[in-house]
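Engineer: From the sequence below, what's the structure:
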Amino acid sequence: MFARKMLLFGLIAACVALTAPSCSREKKAEGLEVKSGFAARVGDIKITDDQVSDMFNAMPGAQQKQFVGKDGRADFVDRLIEQHLIYLAALDKNLDKTEEMKAKIRMATMNILISEYFDKEVMGKIEIGPKEIEDYYNSHSAEFVQAPILRAQYLFTVDSLKAVKWQERLAKGMNFSELARKESEDKATAR
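Structural biologist: Presented below is the predicted three-dimensional model:
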């Protein structure tokens, strides 16, 4: 099994090595620039410059920082090529044909469509102005009050006579925390 994985990894690495020179930094350094609109081609899949820009812009800012500078775009395209090569290898192994994978693909598709529907059909049609926000706040002010936080304190004993004596001392004004610290039988929480 390990040997198969290593062979597959080797094949993918070889494909990357053969495909990557088409967008390597050396050709850019020589001044070779192709104005085809394509950033790369992996098998029958064409990766356009627009797709590269869209994928880059969809990433969080922290990830975008990995691909800045002179060679950043080339590195990003190389990463996309690697992803497409692995994707094609998975298709060659018919990994998309198993019932488990079909169910995962359906769930992913469903989640993407739900998100898109929510963004376009719900959030895109809701307009709330400052006046509506203020009116809601004024009519629901109780929702914006933080409830007090309670702190429980206790004294622990198995002796009921001792508990009665403690109660008397507390009624006379003794500090609860001080009494707990000195006399509670639960030393872990006495402080």
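
Engineer: Now for residue 181, how many residues are close by?
Structural biologist: Here the count is done by other C-beta atoms under 10 Å, and residue 181 has 13 residues near it. All C-beta atoms are positioned from the backbone trio N, CA, C, and that covers glycine.

Engineer: Just confirm it is within a helix.
Structural biologist: Yes. Assessed with DSSP: H, G, I helix; E, B strand; the rest coil, residue 181 lies in a helix.

Engineer: pretty sure it contacts residue 191?
Structural biologist: Yes. Look at residue 181 against residue 191 with C-beta atoms under 8 Å: they come within range, at 5.7 Å.

Engineer: Straight-line length of stretch 125-134, end to end?
Structural biologist: Stretch 125-134 has an end-to-end distance of 20 Å (C-alpha to C-alpha, to the nearest Å).

Engineer: Quick check: mean pLDDT of that stretch?
Structural biologist: The predicted model gives stretch 125-134 an average pLDDT of 88.

Engineer: Now do the same for the spatially most central residue of the chain: its pLDDT.
Structural biologist: In the chain, the centroid-proximal residue (C-alpha atoms, centre = their mean) is residue 60; its distance is 10.2 Å. Residue 60 carries a pLDDT value of 89.

Engineer: again with the one 3 residues further on
Structural biologist: If you check residue 63, the pLDDT there is 87.

Engineer: Right, I'll call it a day here.
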